[in-house]
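Asker: Can you look at this prediction? I've put the sequence above it.
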Amino acid sequence: MRAGTRTRTLSDERLQFCRQIGISDIFLDHRAPRGDVFTDEGSDDDETITIDEGVIPSVSELVQARRRAEDAGLRLMGIQSLSYNIYGKIMLGKDGQDDQLETIKTLIRNLGQADIPILGYQWNPRGVVPMRTSQTTRVRGGARGREFDIDDLTQPYERAPSVEREYSEAELWENYERFLEEVLPVAEEAGVQLALHPADPPTVEQLGGIPRLFRNREAFERAMEIVPSDNHGLKLCLGCFSEMPETDVIEVINHFGKNDDIVFVHLRDVIGTWPRFTETFLDDDESNFDTLAVLKALDEVGFDGVMVPDHVPEIVDDTKWGHRSRAHAIAYVNGLLTCVNGGEK
């Protein structure tokens, strides 16, 4: 097991920082700064999409990115996640879904040829309800964490204005099964692992008129069984599973770990569960789970992949990307890994 991070840039400064704080592996976000992904032009808040509907990086661009990471002593493990713009029509069965399928297949083939092993993805409706209702909820020491509170939304269970009709859970499962039938053979041939992320926030059956399939453990069991493949597994977001009421993250690790279904881990913790929770520090005494117990459980099931603190609280004098807060999270994880390894680095 080792610590990693997600980044929207492969600039010299970002890669050097990652190596300095003890990171070994990185995932490239689908959003990148304006200009070149290899420079620090623009900010991490810019909305330029580098992987979008019909627009994906070539094999040569991916190879260049991988080599750039390697030159800094890092491994480029994959693409953090697909943009909703690249799978939304498939999810809802809309016109244009075939084009989106071909785009994703081409991306998978390109990743395989570039020797980049992982493609993370979500199956999460966007533009229906916000993923978080506050960005500034106070956590330990006055740091700002992102919060979701259903009471902050007006009529969250009613069909949103952007949703043209009601969608049934059955039809979304049918669309999802077709997606897997189409892309998993390509992933197997390319040698690329697909990693499914939970719905965030995990909820009741639907919000805004669209079902949220991957809201509980049972849905992930179905996802792994519906089209079986050694190239399909979980982007095990412990924050999301922790947000699910009456869910024990250790039991989740044991269940999916014994089947070798965990591709990589989002190591994030929260305070509270659906319908109100706040992201916080991994070492917060008030958070939902014991990080050391989680790492021990992952070790016991034989997980040997990357753990990414995907979201971090905003702390004093930090950057927009969260250099200070991420350094704190990585240092904490690396310290606990030393404990898990019996004192060996």
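Answerer: Yes, it's here.
Asker: Strands along the protein, start to end?
Answerer: For the chain, the strands defined by DSSP state E cover 2-7, 25-28, 75-79, 118-121, 134-138, 144-149, 193-196, 206-207, 210-211, 232-237, 262-266, 269-271, 276-280, 306-308.
Asker: quick one: the second one to chain centroid distance?
Answerer: When C-alpha coordinates are averaged (Cα atoms, centre = their mean, to the nearest Å), strand 25-28 and its chain have centres 11 Å apart.
Asker: List of residues touching that strand?
Answerer: 2-8, 10, 15, 18, 37, 65, 69, 74-80, 118, 120, 264, 306, 308 (Cβ atoms under 8 Å, 6 or more residues apart in numbering). Quick note: C-beta positions are derived from backbone N, CA and C, even for glycine.
Asker: Name the strands paired with the worst-scoring helix or strand of the chain on mean pLDDT and say parallel or antiparallel.
Answerer: The weakest-scoring helix or strand in the chain, judged by mean pLDDT, DSSP states H and E, is strand 206-207 (a mean of 86). Paired strands of strand 206-207, with direction, are strand 210-211 (antiparallel) (DSSP bridges).
Asker: Just the buried residues from the contacts of strand 25-28, in ChimeraX please.
Answerer: Selection of buried members from these for ChimeraX, criterion 16 or more other Cβ atoms under 10 Å:
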select :3,4,5,6,7,8,10,15,18,37,65,69,74,75,76,77,78,79,80,118,120,264,306,308
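Asker: Report the buried residues of stretch 199-214.
Answerer: Going by neighbour count (16+ other Cβ under 10 Å), the buried part of stretch 199-214 is 199-203, 206-214.
Asker: And for the least confident helix or strand of the chain, what's in contact with it?
Answerer: Against strand 206-207 from outside (Cβ under 8 Å, 6+ apart): 125, 128, 129, 156, 157, 169, 212.
Asker: go on, stretch 107-115?
Answerer: Under Cβ under 8 Å, 6+ apart, the answer for stretch 107-115 is 51, 56-59, 62-63, 65-66, 78-79, 117, 119, 183, 186-187, 189-192, 194.
Asker: Next: stretch 233-240.
Answerer: Residues contacting stretch 233-240 (Cβ under 8 Å, 6+ apart): 81, 120-121, 193-202, 220, 224, 249, 252-253, 256, 260-270, 279, 289, 294, 310-311.
Asker: 6 Å instead?
Answerer: 120, 195-198, 200, 202, 249, 256, 261-263, 265-266, 268, 270 (Cβ atoms under 6 Å, 6 or more residues apart in numbering).
Asker: Which residue, other than its chain neighbours, is closest to residue 262?
Answerer: Closest residue to residue 262 apart from its sequence neighbours, by Cβ to Cβ, 6 or more residues apart in numbering: residue 236 at 4.9 Å.
Asker: and that neighbour, bridged to which residues?
Answerer: Applying DSSP bridges, one finds that residue 236 bridges with residue 265.
Asker: let's have the chain start at 228 instead
Answerer: In the new numbering, first residue 228, that becomes residue 463.
Asker: Quick check: the gap between it and residue 537.
Answerer: 11 Å (Cβ to Cβ, to the nearest Å).
Asker: since we're on the residue lying closest to residue 496 once chain neighbours are set aside, how many residues are nearby?
Answerer: Counting by Cβ to Cβ, 6+ apart, residue 496 lies nearest to residue 514, which is 4.1 Å off, once chain neighbours are set aside. Residues lying near residue 514 (other Cβ atoms under 10 Å) number 22.
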